[in-house]
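K.L.:
Sequence and predicted structure are below.
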Amino acid sequence: MHPDHPGHEQPPAKRPVRRTIDPASAERRVGRHRAPAPPRPGPARSVSGRIAVATGVTCCLGLVGVAGVGEAGRPRPQMREALADRAAEQRASRDFTRAAPPVAAPPRTPDAAPSPAAARPSAPRKVVRPARPRPVAGLDQRQTDNAKVIVDVGREMELPRRAMVVAVATAMQESDLHNLASDVLPASFDHPHQGSGSDHDSIGLFQQRPSSGWGTVAEIMRPAYAARAFYTALCDVPGWATMSVTAAAQAVQVSAFPDAYAKHEKRAATVVAALL
């Protein structure tokens, strides 16, 4: 064909294309390492912020997490390890499987509070001895103690006051209300005594004689036994409650001085009234 024929037109020669080079782009390609691309808002940053708000992460932990995120949107390895350690230490503050807090004991009311005596260990109880009666009617303490024994025995035997007056008046006459031993009965000194007499083998508060069947020396030297022996003999006297003090005492004692008991009646009544 003719070179001028339209079907044989030569393709136009390729011309070099000039591109406008952006200074910033040229600067990114300079050197061995490319400059990092500017950060673009991606889903990682926005989602992490929403998660932090939704889960209630503390401000301090959130700031550390944000600071650990690099320009590429990923936390640095060192920061990840630090966050993991921090999360392990503070797990109890975020974990839903935490143990229930200990329940504080309710305050005790004054009514339920133990008394000081109950809080302390109880000490062994001391044996409380009954108070000794105060002397009355001119008696000393030993005489009053012996009179108290006589009155107590009469009360145990459920006897009337009249019997107690007769017994105390008899002991006043026989021994002046002292528990006496006998000089002619050496065995009587082996027992507690408050003096001695010499009227045969008569001993004790009522000067009762072992040889006459009142009891053994050891028994008669006990004031309580002597008083019980006297009351038993008195109750065996028919009509003793209507007799005078002298007649009732003489019926028991068979003394050589039958009228000697009358002078002690008033004083004995005062003693019995004070000791009952």
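P.N.:
Happy to help now that I have it. Because the structure is a prediction, the values reported are computed rather than measured.
K.L.:
Endpoint to endpoint, stretch 168-187 covers what distance?
P.N.:
Stretch 168-187 has an end-to-end distance of 26 Å (C-alpha to C-alpha, to the nearest Å).
K.L.:
So which bits of that stretch are buried?
P.N.:
168-175, 177-182, 185 (16 or more other C-beta atoms under 10 Å). To be clear about C-beta, it is placed using only N, CA and C from the backbone, and glycine gets the same treatment.
K.L.:
Please enumerate the helices of the stretch 151-276 of the chain.
P.N.:
Applying DSSP state H, counting those that start in this stretch to the stretch 151-276 of the chain gives helices spanning 161-175, 217-220, 223-235, 245-253, 265-275.
K.L.:
Show residues contacting the second one.
P.N.:
Helix 217-220 is contacted by residues 185, 187-188, 190-191, 203-204, 208, 210, 214, 225-226, 229 when judged by C-beta atoms under 8 Å, 6 or more residues apart in numbering.
K.L.:
Let's have these in a markdown table, adding distance to residue 141 and pLDDT.
P.N.:
Shown next, in a markdown table, are the contacts of helix 217-220 (distance: C-beta to C-beta, whole Å; pLDDT from 0 to 100):
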| residue | distance to residue 141 | pLDDT |
| --- | --- | --- |
| 185 | 26 | 94 |
| 187 | 27 | 95 |
| 188 | 23 | 95 |
| 190 | 24 | 95 |
| 191 | 20 | 96 |
| 203 | 22 | 96 |
| 204 | 19 | 96 |
| 208 | 24 | 96 |
| 210 | 28 | 95 |
| 214 | 27 | 95 |
| 225 | 22 | 97 |
| 226 | 19 | 97 |
| 229 | 25 | 97 |
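K.L.:
Contact partners for the closest residue to residue 228 other than its chain neighbours?
P.N.:
Using C-beta to C-beta, 6 or more residues apart in numbering and skipping residues adjacent in sequence, the residue nearest residue 228 is residue 153, 5.4 Å away. The neighbourhood of residue 153, defined by C-beta under 8 Å, 6+ apart, consists of 224, 227-228, 231.
K.L.:
Low-confidence ranges, the stretch 51-200 of the chain, go.
P.N.:
Within the stretch 51-200 of the chain, the stretches with pLDDT under 70 are 51-124, 126-130.
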